[in-house]
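>>> Fold the following, please.
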Amino acid sequence: MLARSELRQSSCLSFSAFILFAVFAFTLGGCKAHESATANGLTPVRLQLDWYPQPEHGGFFTAALQGYYKAEGLDVTLLPLPQYGSVAQLVSTGKADFGLGSSDQILEWDSNGLPLIAVAATMQHDPQAVMVHKNSPVHDFKDLEGHTIAAQTGATWLKYVVSRYNLHEVRQIQSTLSIANFLADPNYIQQIFITSEPFFAKQAGADVRTFLISSSGYDPYRVQFTNRDFVAQHSDVVAKFVRASVRGWQEYLRNPGPTNEYLLKLNPALNPTQEAYTAQALRDGGFITGGDLSGAQTGRMTAARWQTSYEQLKSLGILHGPIEPSTAYSLKFVP
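Numbers count the residues shown, from 1 in each chain. Predicted coordinates for the structure are as follows:
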């Protein structure tokens, strides 16, 4: 499964813009918050993002801006992903307390010996999808036979699709942080985030169709995770962080405007129209809430979904060592 840092083109920043975000992140929490934690009575917590700030992180920024973390006694710092940084390594080594990833990644990382555990679902379904031109003969995953797709080398979801649909002639090329090739080639097929790339393609005048990777049956959660030692030693902090984050996502979906305005200051590659598109796509697709638009399912996970992901990865030979899937997640933090 792709991390955002491996795919997103819409929020790609220059180094100077990256530094700008780091400065803003510092003002939300950062080192000063850690130094004054005892004085202000708040527990410092570091959340490692998986990309630059964007509406797909909206619930976490909302929880910070609206004081939901502070109401739980937490001083949360939202950290930008360093260039070439690994969220898994940063969290497993204690350089961050929480990170963002996907449930299939957690299973694979755990099989590689990283002591990570998912504590809540950020998204009930992953917004990654395949984008084709309107007149493309590809209408479903089975139609990829004989075609070339731009995707991450070794993408797990593509291995699943090839196996499930018994495909033999699917050529894969490396995805780029751009839709330029897509716009130039009417036969181009590209892996994208449905909350982002279609917006830019349509802005450029392209008629596109998309189909979600989750519709193939490969349907991991996007999750918030930490390491097992942190859960064992700070279970109360985990519960507070999850509770405030769920509340933040519920509020962001209800009223994304204030958070989107703040995100514009953090990420100069964003624009208000793009942000509105992404927020609406998150709502319409039920990515955060699942099928229950009331928001009651926000954050929830099930053992059955985790078991399915485990069996899929196991059948594909993705897992590198023995693992008990129930050790990769905890259901106690979201009732």
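>>> Make sure Leu263 is actually in contact with Asn271.
No - in this structure, Leu263 is not within contact of Asn271 by Cβ atoms under 8 Å, at 10.5 Å. C-beta: built from backbone N, CA, C; applies to glycine.
>>> Show me which of the two is the more surrounded one.
Using other Cβ atoms under 10 Å as the criterion, Leu263 and Asn271 rank with Leu263 on top: 25 against 14.
>>> Name the helix or strand for the residue lying closest to that one once chain neighbours are set aside, please.
With Cβ to Cβ, 6 or more residues apart in numbering as the criterion, Leu263 has its nearest non-adjacent residue at 5.2 Å, and that residue is Pro53. With elements delineated by DSSP states H and E, Pro53 resides in a region that no helix or strand encompasses.
>>> ok, now how distant is Pro53 from Thr62?
In this structure, Pro53 and Thr62 are separated by 12 Å, where distance is defined by Cβ to Cβ, to the nearest Å.
>>> same deal with Phe287?
Relative to Thr62, Phe287 is positioned 16 Å away (criterion: Cβ to Cβ).
>>> Looking at those two now, which is surrounded by more residues?
More crowded of Phe287 and Thr62, by other Cβ under 10 Å: Thr62, with 26 against 22.
>>> Surely the more buried one and Trp249 touch.
Yes - with contact defined as Cβ under 8 Å, Thr62 and Trp249 form a contacting pair (7.3 Å).
>>> Would you mind pulling the contact partners of the longest helix belonging to the chain?
If you go by DSSP state H, the chain has its longest helix at helix 235-254. By Cβ atoms under 8 Å, 6 or more residues apart in numbering, the list of residues contacting helix 235-254 from outside reads 43, 45, 47, 58-64, 66, 68-69, 71-74, 76, 97-98, 119-120, 122, 224, 226, 230-231, 259, 279, 282-283, 288-289, 295, 298-299, 333-334.
>>> what do you get for stretch 61-75?
With contact meaning Cβ under 8 Å, 6+ apart, stretch 61-75 is reached by 28-29, 33-34, 37, 40-45, 53, 76, 78, 237, 240-241, 243-245, 247-249, 251-252, 256, 258-259, 262-263.
>>> mind checking how far it is from the chain centre?
With Cα atoms, centre = their mean, to the nearest Å as the basis, the distance from the averaged C-alpha position of stretch 61-75 to the chain average is 20 Å.
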